[in-house]
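Peer 1: No letters, just coordinates:
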């Protein structure tokens, strides 16, 4: 085998493997994967095309290709799915959840993807009404009932119950309520019940009301402002400040007095420096100019008036 050239484009087998997985051609996937194994040393430089092939197979709904890839590259996918980087495998997981394919979700979990990457798959399954997928993710503890999806910027997204109520998936709502979902979770200022009512989903609204759902979001807690007039009218006899507080006040007063004295001293020093600097300018003049100043005259040099300071 020739030496690997990092600047050369990847071999055709890389793209062919991804394309074959996308259309579900398992024979081509098997043949092309064997070619990839022959150039295993080049895998890191060529990228993770096996992961891309797996994702395309999941998106296309080709369960046989997904199963083959996971079994053929068990160690590779176990390493990928156990990575702390949440990006690994999230596209394949989300595609399986969005399709509601319990079979593919189970295959991914068995391969090591035991947590919901970015917590987005569970929300997709609920939003699209895939009750079987929702139940599987809850039972397998891959997802939690009130987990929130977060965007790349960390902003909150709705819970599965909120999304299912908005879409009117009563069977999903029923399952989530049985699992103890937060019925009054507020997203964008609205509760699940408010979204169900707005969408005309009567059966969902009835379940939410029975579970204690509220149509209106709870009012935000406001901190009351102090009414100075009413406070003064109470004529409260307040205790004297503690010793520590009194000492602190005295120190503060003393500090203010010191700062005031320092300010006066500073102004006096500046005035003295100005006068001294004036005579230094005069001392640097020629003797005839100095004589003029001794006589009380005014000499000018460079456009500046130099006047004797008494």
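Peer 2: It's in. A quick note: this is a predicted structure, and the numbers were derived from the prediction, not measured.
Peer 1: now do the same end-to-end measure for stretch 73-89.
Peer 2: The first residue of stretch 73-89 is 14 Å away from its last residue (C-alpha to C-alpha, to the nearest Å).
Peer 1: try stretch 97-107
Peer 2: 12 Å.
Peer 1: Go through it and flag the buried ones.
Peer 2: 97, 98, 99, 100, 101, 102, 104, 105, 107 (16 or more other C-beta atoms under 10 Å). For every residue, glycine as well, the C-beta is placed using N, CA and C.
Peer 1: Stretch 19-32 now?
Peer 2: Buried residues in stretch 19-32, counted by 16+ other C-beta under 10 Å: 20, 21, 22, 24, 25, 26, 28, 29, 32.
Peer 1: Equivalent analysis for stretch 189-197, please.
Peer 2: Buried residues in stretch 189-197, counting neighbours by 16+ other C-beta under 10 Å, are found at 190, 191, 192, 193, 194, 195, 196, 197.
Peer 1: The third one contacts residue 169, doesn't it?
Peer 2: No - the criterion here is C-beta atoms under 8 Å, and residue 192 misses it with residue 169 at 11.6 Å.
Peer 1: next helix or strand past the helix or strand harbouring residue 196?
Peer 2: Per DSSP states H and E, residue 196 falls inside helix 192-198. Following helix 192-198 in sequence order, the next helix or strand is helix 202-210 (DSSP H and E).
Peer 1: Please name every helix or strand in contact with that next one.
Peer 2: For helix 202-210, the packing partners by 3 or more C-beta pairs under 8 Å, 6 or more residues apart in numbering; DSSP states H and E come out as helix 160-167, helix 170-178, helix 192-198.
Peer 1: contacting residues around the helix holding residue 196?
Peer 2: Under the contact criterion C-beta atoms under 8 Å, 6 or more residues apart in numbering, helix 192-198 has outside partners 159, 161-162, 165-166, 168, 173, 183-185, 190, 204-205, 208-209, 213-217.
Peer 1: From these, list the buried ones, please.
Peer 2: 159, 161-162, 165-166, 168, 173, 183-185, 190, 204-205, 208, 213, 215.
Peer 1: okay, among the residues you listed, which ones form the most distant pair?
Peer 2: Using C-beta to C-beta, the pair of these lying farthest apart is 168 and 184, separated by 18.7 Å.
Peer 1: can I assume residue 106 is in contact with residue 136?
Peer 2: Yes - judged on C-beta under 8 Å, residue 106 makes contact with residue 136 at a distance of 7.0 Å.
Peer 1: before we move on, back to that, got the buried residues of stretch 97-107 as a markdown table, with pLDDT columns?
Peer 2: Formatted as a markdown table, the buried residues of stretch 97-107 follow (pLDDT from 0 to 100):
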| residue | pLDDT |
| --- | --- |
| 97 | 92 |
| 98 | 92 |
| 99 | 92 |
| 100 | 93 |
| 101 | 92 |
| 102 | 94 |
| 104 | 92 |
| 105 | 93 |
| 107 | 91 |
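Peer 1: Dump the residues you listed to CSV, plus distance to residue 69.
Peer 2: Formatted as CSV, the buried residues of stretch 97-107 follow (distance: C-beta to C-beta, whole Å):
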residue, distance to residue 69
97, 18
98, 19
99, 17
100, 21
101, 15
102, 18
104, 11
105, 15
107, 9
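Peer 1: Dump those residues to JSON lines, plus secondary structure.
Peer 2: Below are those laid out as JSON lines (DSSP: H, G, I helix; E, B strand; the rest coil):
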{"residue": "97", "secondary structure": "helix"}
{"residue": "98", "secondary structure": "helix"}
{"residue": "99", "secondary structure": "helix"}
{"residue": "100", "secondary structure": "coil"}
{"residue": "101", "secondary structure": "coil"}
{"residue": "102", "secondary structure": "helix"}
{"residue": "104", "secondary structure": "helix"}
{"residue": "105", "secondary structure": "helix"}
{"residue": "107", "secondary structure": "helix"}
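Peer 1: for residue 55, what are its contacts?
Peer 2: 91, 92, 95.
Peer 1: what about the first one, which SS state?
Peer 2: For residue 91, the secondary-structure state derived from three-state DSSP is helix.
Peer 1: For residue 206, see how far away it is.
Peer 2: Look at residue 91 and residue 206: by C-beta to C-beta, to the nearest Å, they are 37 Å apart.
Peer 1: quick one, which of the two is more surrounded?
Peer 2: residue 91 (19 against 14; other C-beta atoms under 10 Å).
Peer 1: May I have the predicted confidence score for the residue lying closest to residue 77 once chain neighbours are set aside?
Peer 2: What sits nearest to residue 77 in space, not counting adjacent residues and going by C-beta to C-beta, 6 or more residues apart in numbering, is residue 111, at 4.8 Å. Note on residue 111: pLDDT of 88.
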